[in-house]
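K.L.:
Sequence and predicted structure are below.
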Amino acid sequence: MKSFEANPSNRIDVAYNVTTTELNKLCAVEGVMVFHTVKHSHSYISHACTINIIKKCFPDSSTTKNITCDKTKAREIACNVLAPSLTRNVQMVPIVVQFFSKAGVKHGILEFIEQMHESADDLFANIKYVLEANELKLNQLVSLGSDNTNVNVGNHHSVFALFEKLLPGLIKGTCYCRVLHNSVKHGNEHLLSSVCSQELTNYFDFIEEEQKVILKYIRLRWLSLLRSIERLISIHTIV
């Protein structure tokens, strides 16, 4: 501390040629911008681009002129400044949309919302609010997919049941990860068995391809699913 005070040229406010008050304001602005980026699930590249646009739009602002918050600095602020101050558990719910456009099927994350209570009523209210806030018409909602829990897709009082009251023709979509997993699981049951292994070997010799064994399904689905699919695609042509 003594050496720091003895050599004022090492102080960051001197390096930036701003007063301590202006430096605090600058740090606050950079922190808020990074928090906004993280909260709305933007990339650090998008954050850096936004900073550059702001500096060009407000060239007369001394605070804006001194902002230097590229993607590397933004990540450091998020990980080493903002993250340590977040000491409570946060439950987040991603809302993903898939829709048809003139360019084809489009999909992406619409919003990440903080969900403190996991009741069907609270989830329904928040999801409905996000859809309406983004000017998406509820009467054009065709299907609702989610994890296979009673809160989400139960028959009596669930998120799907509440949406179905508003939209009687709504289609229930189950967990797409489990749909993919079960497709591979049941598809493997119809592949050649060990009894026909020699015939399979002869087939690979005939087409002059390296024989690869299909990975079998195990109950810990998420540990084997990706490798099973990759092996399946490498051997069998996608239809």
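P.N.:
Great, that's in hand. Residues are numbered from 1 along each chain as shown.

K.L.:
Can you tell me which residue is spatially central in this protein?
P.N.:
A centroid search over the chain (CA atoms, centre = their mean) returns Ile109, at 6.5 Å, as the residue closest to the centre.

K.L.:
and that residue, what element?
P.N.:
Using DSSP states H and E, Ile109 sits in strand 104-114.

K.L.:
cool, Asp60 as well?
P.N.:
Going by DSSP H and E, Asp60 is not in any helix or strand.

K.L.:
Tell me the spacing between the residue nearest to the centre of the chain and Val29.
P.N.:
Separation of Ile109 from Val29 (CB to CB, to the nearest Å): 26 Å. All C-beta atoms are positioned from the backbone trio N, CA, C, and that covers glycine.

K.L.:
do the same with Asp147
P.N.:
Applying CB to CB to Asp147 and Val29 gives a distance of 39 Å.

K.L.:
Please apply the same query to Glu114.
P.N.:
Distance, Glu114 to Val29, using CB to CB: 24 Å.

K.L.:
Tell me the gap between the longest helix along the chain and the middle of its chain.
P.N.:
Longest helix in the chain by number of residues (criterion: DSSP state H): helix 20-39. Centroid displacement of helix 20-39 relative to its chain, using CA atoms, centre = their mean, to the nearest Å, is 24 Å.

K.L.:
who's in contact with that helix?
P.N.:
12-13, 16, 18, 42-44, 46-47, 50-51, 62-63, 66-67, 69, 73-74, 77-78, 81-82, 112 (CB atoms under 8 Å, 6 or more residues apart in numbering).

K.L.:
could you give me the average pLDDT of stretch 49-66?
P.N.:
Averaged across stretch 49-66, the pLDDT comes to 87.

K.L.:
Who does the residue nearest to the centre of the chain form a beta bridge with?
P.N.:
Val96 (DSSP bridges).

K.L.:
Glu114 too?
P.N.:
Met92.

K.L.:
Met92 is in contact with that one, correct?
P.N.:
Yes. In terms of CB atoms under 8 Å, Glu114 counts as a neighbour of Met92; the distance is 6.0 Å.

K.L.:
that older thread, who's more crowded, Glu114 and Val29?
P.N.:
Comparing Glu114 with Val29 by other CB atoms under 10 Å, the one with more neighbours is Val29, at 18 against 10.
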